[in-house]
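> this one's structure only:
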Ligand SMILES: Nc1nc2c(c(=O)[nH]1)N[C@H]1C(S)=C(S)[C@@H](COP(=O)(O)O)O[C@H]1N2
Ligand SMILES: [Mo]
């Protein structure tokens, strides 16, 4: 298991990291960064605002530490200005404090359960012999922006940075499952990662997917992120990639894949990551897990983020100013981003940046000239290709998921 010390410094090769080698932060940079306060939304709970600080994990640039056991670190706004998030700027989220050491040469992936042929065990090299596919996709925690809920709800108090977008490369999960063959009454595929609970009270993190989603062409067992091995803290040597769906299903350090003929009833399916039925306009459902009152969270809701200028920034009256950001959704693709400078009465269409695929961040920008001095509030609103748009009022739900309320930044025009 990797200790907190190991997480921070990757001491002397004790930790087997993805790209193997000098991943330790330069001496002193952690301390240096810890003095620098990250920008935090004023809507976050006071306790979070007081405690959150930059910290440099092994192989990472400084991220905002929300908790360190288990490690939960979000990206500051400045890392979200590009449609592709670099590996060393990608957020880190774990449920369990037992972060495993993983040695690529001994790592094995086991496929079993209700299989038609026989159980299969793959080495990393064997996994890489299967046809490789690449997809650019947003990995967003279901609880991203939970900290902005009013009233506050329990859980990690994420701001805007529990997300990133990368090019993921790996084998199709479907091809991996085909090696073992599935019995025809399989309903779900269950995943386990190499991490485990340190205290017995947290159940092991196991997740399942409905068979139809598990076997979609874009669902991968990924071993590369942006052309490199996965960073250790993002799931080295392989993780499940489920484009369009929230990151809770994106199992890191995956070691076991099990086919089941009954709905999987582990804690993280039955009791966690659920939303009230009928409150969100989701298109894809996870029916085998649905009850009368709740359903597992599935798709990422359509959303956007203003990344520049930052809230409270000073801009000059009469001078051209660029407002820019990113937009994303659950895989239908962004069709429009609009900006309002009058509290939502009128909207202007922003220019969309390069299309990196329907699962990716879509960058956007809008140029304007602020005329009058004083405070100027800007809102951004994204719409996707099936006409879903961001909401103006928060949809309350106990775990604080799916926060896609239109956000505003207020500029100081001088
Ligand atoms: N093995 C393992 N995989 C996991 C988790 C975990 O706790 N353990 N958390 C999931 C959740 S809830 C999220 S948001 C993403 C975070 O991915 P990242 O740490 O690469 O950013 O990993 C997912 N996969
Ligand atoms: Mo998450």
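Good, I have the coordinates. This structure is a prediction, so every number in the text was calculated from the model and none was measured. Ligands and ions are numbered 1, 2, ... in the order given.

> quick one: pLDDT of residue 250?
Residue 250 is assigned 98 on the pLDDT scale.

> Confirm for me that it is in contact with residue 139.
Yes: with contact defined as Cβ atoms under 8 Å, residue 250 counts as touching residue 139 (5.8 Å). Using the backbone N, CA and C atoms, a C-beta is placed for each residue, glycine as well.

> Next, show the common contact partners of those two.
residue 241 (Cβ atoms under 8 Å, 6 or more residues apart in numbering).

> Quick one: classify the closest residue in space to residue 410 that isn't next to it in sequence as helix, strand or coil.
Nearest residue to residue 410, sequence neighbours excluded (Cβ to Cβ, 6 or more residues apart in numbering): residue 377, at 4.7 Å. Following DSSP: H, G, I helix; E, B strand; the rest coil, we place residue 377 in the strand state.

> Count the neighbours of the residue in the stretch 151-300 of the chain positioned nearest to ligand 1 for me.
When scored by Cβ to the nearest ligand atom, the stretch 151-300 of the chain has residue 193 as its residue closest to ligand 1, at 2.6 Å. By the criterion of other Cβ atoms under 10 Å, residue 193 has 24 neighbours.

> which non-adjacent residue is nearest it?
Closest to residue 193 by Cβ to Cβ, 6+ apart is residue 253, at 4.3 Å.

> what does residue 395 give?
Residue nearest to residue 395 in three dimensions, not counting chain neighbours: residue 279, with 5.4 Å by Cβ to Cβ, 6+ apart.

> Would you mind pulling up the elements that the helix or strand hosting residue 174 packs against?
Assigned by DSSP states H and E, residue 174 belongs to helix 173-180. If you count contacts as 3 or more Cβ pairs under 8 Å, 6 or more residues apart in numbering; DSSP states H and E, helix 173-180 packs onto strand 108-113, strand 120-123, helix 211-214, strand 220-225, strand 254-260.

> burial count for the residue nearest to residue 193?
Using other Cβ under 10 Å, residue 253 is surrounded by 23 other residues.

> That one and residue 235 touch, don't they?
Yes: with contact defined as Cβ under 8 Å, residue 253 counts as touching residue 235 (5.5 Å).

> can you list residues touching both of these two?
Common neighbours of residue 253 and residue 235, using Cβ under 8 Å, 6+ apart, are residue 193.

> Which residue is the nearest non-sequential neighbour of the residue in the stretch 301-414 of the chain positioned nearest to ligand 2?
Residue nearest to ligand 2 within the stretch 301-414 of the chain: residue 401 (9.3 Å; Cβ to the ion). With sequence-adjacent residues excluded and distances taken as Cβ to Cβ, 6+ apart, residue 401 is closest to residue 142, at 4.7 Å.

> and if you look at residue 198?
In space, and not counting its chain neighbours, residue 198 is closest to residue 97: 4.3 Å by Cβ to Cβ, 6+ apart.

> does the one you found really touch residue 7, like I thought?
No: the pair residue 97 / residue 7 is not scored as a contact, 10.2 Å apart, by Cβ under 8 Å.

> give me the element residue 307 is part of.
Per DSSP H and E: strand 303-308 holds residue 307.

> Now that strand: average pLDDT?
Strand 303-308 comes out at a mean pLDDT of 98.

> so where's the stretch 101-250 of the chain uncertain?
200 (pLDDT under 70).

> At the contact with ligand 1, which residues of it appear?
Residues of the stretch 101-250 of the chain lying close to ligand 1 (Cβ under 6 Å from any ligand atom) are 139, 141, 193, 195, 205, 234-235, 247-248, 250.

> what do you get if the cut-off is 5 Å, keeping everything else the same?
141, 193, 195, 205, 234, 247-248, 250 (Cβ under 5 Å from any ligand atom).
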